[in-house]
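> need coordinates for the following:
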Amino acid sequence: MKFLKGIISLAAIGLASAAVAGKVVKDKKDKAELDEFLIPSQDDPIIYHVPKESDEALQKAVQGLENHDPKPTTFVFYVPDADAAKKFQEEAADLEMSSSFDSDKSQVEVVYTGSFDSDDLDLLLVQLSEICLHTSATFVEMHE
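Residues are numbered from 1 along each chain as shown. Presented below is the predicted three-dimensional model:
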């Protein structure tokens, strides 16, 4: 009888050990998945999706700035009316870009003072393209 009790107790200890080991493995897997979700691998490139309606002239102007000396650059956009200009300026201000509106020409000038590396310029292109889509604005020119 003692022998049977010993075998049963060893079996119970073995099952408990297997359950604890399984729980530890599951927790490690869940933690790794959560870490990957919250903090993605920094080796992966950041991909920005430029709206298809993006103006080709705007794309060329922004891409032409890559590796330039960082100095304020002005982008000029035509807006259909004062309400669109106000909305354009509000969205630009939300992105920490200063702007001004010329009511005679119906143009908004946006001053960009950020970095001129590839990732920042890609982000700038996306942001300006989205503002243009929201306000029906069209790119006119860029100058320093």
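> contacts for stretch 6-14, please.
For stretch 6-14, there are no surrounding residues in contact (Cβ atoms under 8 Å, 6 or more residues apart in numbering). Heads up, the C-betas are built off the backbone N, CA and C, glycines and all.
> pLDDT at the closest residue to residue 136 other than its chain neighbours, what is it?
Counting by Cβ to Cβ, 6 or more residues apart in numbering, residue 136 lies nearest to residue 80, which is 5.4 Å off, once chain neighbours are set aside. With respect to pLDDT, residue 80 scores 85.
> go on, the one 5 residues further on?
Note for residue 85: predicted pLDDT of 85.
> how near is it to residue 118?
30 Å (Cβ to Cβ, to the nearest Å).
> who's more crowded, the two?
Each of residue 85 and residue 118 had its neighbours counted (other Cβ atoms under 10 Å), and the higher figure belongs to residue 85 (23 against 11).
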